[in-house]
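>>> let me see the structure of the following:
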Amino acid sequence: DNPWEDLVLVCDKLNNLSLDELATSLDNYLDVDKTLWFLAHEIILTDEDSYVWKGGMDYYIYWEAETNRLIPLEYDGNSCMVEEFTNWSPFYNEEKEDFPLMNRLFAVPEFRQRYLAHVRTILNEYLVPENIEKVIDEYVAKIDQLVENDPKKIYSYAQFEAGVEEVRDFITERRDFLLNHEEVNVKGLEISELSHPGTPTALELAEVTVKVSGDMDVSEVNLYYGTGFVGSFEKMSMFDDGNHGDGAANDGVFGASIPAFDGGTYVRYYVEAVADD
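Sure thing, here's the model as predicted:
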């Protein structure tokens, strides 16, 4: 009813809670995970017309009715992938208090590591040169002749061709820079063999198991679940003790059960593994 009050409340919490309190309660007011995805995309693609560059303009804030939380959203993605910015830190502008989404969130260890996991996902699954090259070629094929024959174009066809190569170069250079960053270039725990029992029947628990491996010890494994197509997640611990559908104890397989729901309920879930460092 009064959007201004919601915005003031989130700003107050973001700026004035202690770091420990941010870790435990900020998600009640701001969708922290979606915010970290937003920052990862903006910073990786060097969006100079955005929150991460300007701080106070050129982004949306959306109030989500299902969760009563705010979410920052991309507003204008046309001014990104800038070659001169390929060496932006993955923690760009974190030292500036005028950029509290970076300055405050990146200072919380849990949020920082979750953000880094998102950065690695984007670099390893999406910003992959051989995959992106195909996308670039497809778009160029669609518009090449239109650009060349456009009687009212404000850039020359030669500039268009050069721009295509700049995009290719940016992707390679930006990815290489980030993958060599000391905090990005860390081999984390590997989550594999994730399973659940197909489609549970009404009022049936859904046992979820996952294998967690790596060169470092596991501190905790968590299962997040939520109902409906949008909304908050509940968090529960997963165990490797032989008592949670996980097989033998201490075999690297963790288990937990999502609670039973009425028939026809749509359930989302994901797993998080936390190393002992």
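>>> mind listing the strands for the stretch 1-150 of the chain?
59-64, 69-74 (DSSP state E, counting those that start in this stretch).
>>> same deal with the stretch 151-277 of the chain?
In the stretch 151-277 of the chain, the strands defined using DSSP E, counting those that start in this stretch lie at 190-195, 206-213, 218-227, 234-238, 253-258, 267-275.
>>> export the ones you listed to JSON lines and tack on mean neighbour count, distance to C80 and mean pLDDT?
Yep, even glycine has a C-beta here, placed from its N, CA and C like the rest. Shown next, in JSON lines, are the strands of the stretch 151-277 of the chain (neighbours: other Cβ atoms under 10 Å; distance: least, Cβ to Cβ, whole Å; pLDDT from 0 to 100):
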{"stretch": "strand 190-195", "mean neighbour count": "12", "distance to C80": "30", "mean pLDDT": "94"}
{"stretch": "strand 206-213", "mean neighbour count": "19", "distance to C80": "35", "mean pLDDT": "96"}
{"stretch": "strand 218-227", "mean neighbour count": "17", "distance to C80": "30", "mean pLDDT": "96"}
{"stretch": "strand 234-238", "mean neighbour count": "15", "distance to C80": "33", "mean pLDDT": "96"}
{"stretch": "strand 253-258", "mean neighbour count": "23", "distance to C80": "38", "mean pLDDT": "97"}
{"stretch": "strand 267-275", "mean neighbour count": "16", "distance to C80": "28", "mean pLDDT": "95"}
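>>> reformat those as TSV; add distance to N28.
Shown next, in TSV, are those (distance: least, Cβ to Cβ, whole Å):
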stretch	distance to N28
strand 190-195	27
strand 206-213	25
strand 218-227	15
strand 234-238	13
strand 253-258	22
strand 267-275	19
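>>> circling back to that earlier point, hey, which of the strands of the stretch 1-150 of the chain is tucked in deepest?
Ranked by average neighbour count under the criterion mean count of other Cβ atoms under 10 Å, the strands of the stretch 1-150 of the chain are headed by strand 69-74 at a mean of 18.
>>> tell me what angle it forms with strand 59-64.
Going by axes from the mean of the first three to the mean of the last three Cα atoms, to 10 degrees, strand 69-74 is angled at 150 degrees with respect to strand 59-64.
>>> centroid-nearest residue for the protein?
Among the residues of the chain, the one closest to the centroid is W37, at 2.8 Å (Cα atoms, centre = their mean).
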